[in-house]
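In: Below: sequence and its predicted model.
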Amino acid sequence: MINPPELIIRNARLVDGTGGPSVRGDIAVTDDRIVGLGDLGRAEGTVEIDAIGKAVAPGFIDVHTHDDRALLIDPLMAPKVSQGVTTVVTGNCGVSLAPLHTSGRPPAPLDLVCPDGEGFFGDFGNYLAALDAEPAAINATCLAGHASLRVEAMDSLDRPATSGEIAVMRQRLEQAMEAGAIGLSTGLFYAPATAAPTEEIIELAKAVQGAGGIHTTHMRDEGDYVSESLEETFTIGREAGVPVVISHHKCAGHANFGRSTDTLAQIERARQHQPVSLDAYPYVASSTTLASARHLGASRVLVTWSEARPEAAGRDLTDIAADMGLDLEATVDALMPAGGIFFMMDEADVRRILAYPGTMIGSDGLPHDEFPHPRLWGTFPRVLGHYARDVGLFSLEEAVHKMTGLPARNFGLVDRGVLDVGAVADLVLFDPETVIDTATFERPAQPATGIELVMVNGRTVWRDGASTGARPGRALRRA
Ligand code: ZN
Ligand code: CU
């Protein structure tokens, strides 16, 4: 080091993101890079932090988000920054803010990201340019959504796309990839895409293949037909020659509890022949549009927001139904457009899936919900504090790897996700003894405990329990 580094954090437990054992040492930062690592001895930083008893890790990468619009309208991104998240992958589940020309209220679940057609970006490059012009506190890397493509290209969504429509979607997707999208997301579970046959997705995924992108998918079925849906996902990956990411893997509904032993074995077999990865969030409840109450076989449903009856947010669907004197079906109809939380997973499956070595962590948080699922604020500290430290599901090093090095590799994020000299200084300083989520189903919007300092591109964005106001985030284009 010739010039003194701007910052040295000393005596930290360095958890480098590779999954390897942590070591005690120092880390130096200048500009946006890590410039020193290990025992930095007598080197003096302009600013020095003593981190004895604390851990330093690469900033966490939230691989499954719906933050497309939140980045623009709430750029401090407190729900994410407060957890140590420094990069989000947007545009999941087939739903992306770009590319889509539309007006009026888009069909669910596109309305989860933006309720107003005017808020979508017709051009993917313009969306990324908007992120450049008004940067957020954190980095974003962005997928183009199949449902968004369909809404623009098709006059009715309840049928397969014609070859002409596929050609239009493919051209739009190619433009998005050229602008820097990292791939295609699908949500075959959802109404705008359920009528799409496997071949339609293969044709589109080929456009991504040419550009070196990936395909992430909220599969057609995560319950009774989860095994068939996994096969469909592998087929798409093989036929199109693209890596696939199974989003928020789960075995939904009581009848499917315990099946993750089989689904993970199925995934493991496929991984012998093709690139397959997966993500999960650390909760037994999911959250999406309330209309899904019809399909998910949930034991309990909480309303997260309702356009028709805003006062329903935060209440149990059965209580609302009782008050309204309606059955559950009719109550859902009366509340729509609306969102819900669905208790429909087995804790043993959640643990088995989280512990699988190929599983990355993704929150699937819904930032615009009135009464959001606590995963929005709690996912990463919950994995570190609850599942790694308290339950002992895996080591701290493995937990960090699932949120840093592993996703950086799977999503092709260059120079991120690891502590290394020359890597970008996306960093989180936390207390491994106290880190924990505090967001609950009753009080969902609570920052975690134990996340002490968060840096993005070498700039501090979170310190002492609050945003600093800095917005050094970048829109990361596919390399
Ligand atoms: Zn999804
Ligand atoms: Cu999602």
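Out: Cool, got the structure. Ligands and ions are numbered 1, 2, ... in the order given.

In: Just give me the neighbour total for the residue lying closest to Tyr283 once chain neighbours are set aside.
Out: Leaving out its chain neighbours, the residue that sits closest to Tyr283 by Cβ to Cβ, 6 or more residues apart in numbering is Arg375, at 5.6 Å. All C-beta atoms are positioned from the backbone trio N, CA, C, and that covers glycine. The burial count assigned to Arg375 is 27, neighbours taken as other Cβ atoms under 10 Å.

In: Does Arg375 touch Gly365 like I think?
Out: Yes: Arg375 is within contact range of Gly365, at 5.3 Å (criterion: Cβ atoms under 8 Å).

In: what's the residue nearest to the spatial centre of the chain in contact with, if anything?
Out: The residue lying closest to the centre of the chain (Cα atoms, centre = their mean) is His64, at 1.7 Å. Counting by Cβ atoms under 8 Å, 6 or more residues apart in numbering, His64 touches Val89, Asn92, Thr216, Ser247, His248, Asp279, Tyr281, Gly362, Ser363, Asp364.

In: Tell me if the first one really is in a strand.
Out: The one in question is Val89. Yes: residue state for Val89 (DSSP: H, G, I helix; E, B strand; the rest coil) corresponds to a strand.

In: Who does it form a beta bridge with?
Out: Thr141 (DSSP bridges).

In: neighbours around it, how many?
Out: Neighbour tally, Val89, other Cβ under 10 Å: 30.

In: Wait, it touches Thr141, no?
Out: Yes: the criterion here is Cβ under 8 Å, and Val89 meets it with Thr141 at 5.5 Å.

In: any residues in contact with both of those two?
Out: Ile182, Phe411.

In: from the chain, which residue is nearest to ligand 2?
Out: The chain approaches ligand 2 most closely through Cys93 (3.7 Å), counting by Cβ to the ion.

In: show me what contacts that residue?
Out: By Cβ under 8 Å, 6+ apart, the neighbours of Cys93 are His66, Pro109, Gly145, Ala147, Ser185, Thr186, Gly187, Phe189, Tyr190, His218, Ser247.

In: Could you rerun that using 10 Å?
Out: 64, 66, 109-110, 112-113, 143, 145-147, 185-190, 193, 216-218, 247-248, 288, 364 (Cβ atoms under 10 Å, 6 or more residues apart in numbering).

In: picking that back up, could you grab the helix/strand/coil label for the residue nearest to the centre of the chain?
Out: Under three-state DSSP, His64 comes out as coil.

In: Tell me how far it lies from ligand 1.
Out: The gap separating His64 from ligand 1 is 7 Å, by Cβ to the ion, to the nearest Å.

In: Grab the nearest non-local neighbour of that residue.
Out: Gly362 is the one closest to His64 (Cβ to Cβ, 6+ apart), at 2.7 Å.

In: I'd guessed the one you found sits against Thr65; true?
Out: Yes: the criterion here is Cβ atoms under 10 Å, and Gly362 meets it with Thr65 at 7.1 Å.

In: Residues that sit against both of those two, list them.
Out: With Cβ under 10 Å, 6+ apart as the test, Gly362 and Thr65 both reach Val88, Val89, Asn92.

In: Adding pLDDT, write those residues out as TSV.
Out: TSV is the format used below for the shared contacts of Gly362 and Thr65 (pLDDT from 0 to 100):
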residue	pLDDT
Val88	99
Val89	98
Asn92	98
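
In: Nearest to Met154, out of these: which one, please.
Out: Asn92 (20.8 Å; Cβ to Cβ).

In: element containing that closest one?
Out: If you go by DSSP states H and E, Asn92 is not part of any helix or strand.

In: What is the neighbour count of it?
Out: Using other Cβ under 10 Å: Asn92 sits among 29 other residues.

In: Quick one: residues contacting it.
Out: Asn92 neighbours (Cβ under 10 Å, 6+ apart): 63-68, 113, 143, 145, 185-187, 216-218, 245, 247-248, 279, 362, 364.

In: What's the separation between whatever residue of the stretch 1-150 of the chain ends up closest to ligand 1 and Leu157?
Out: Using Cβ to the ion, the closest approach of the stretch 1-150 of the chain to ligand 1 is made by Cys93 at 3.5 Å. Per Cβ to Cβ, to the nearest Å, Cys93 is found 15 Å from Leu157.

In: How about Leu354?
Out: In terms of Cβ to Cβ, Leu354 sits 34 Å off from Leu157.

In: Would you list the phi and psi of the residue in the stretch 151-300 of the chain positioned nearest to ligand 1?
Out: Nearest to ligand 1, among the residues of the stretch 151-300 of the chain, is His218, at 3.4 Å (Cβ to the ion). For His218, the backbone dihedrals (degrees, to the nearest 10) come out as phi -90, psi 100.

In: circling back to that earlier point, and Leu354 and Leu157? Which one has more around it.
Out: Taking neighbours as other Cβ under 10 Å, Leu354 and Leu157 compare with Leu354 leading, 22 against 18.
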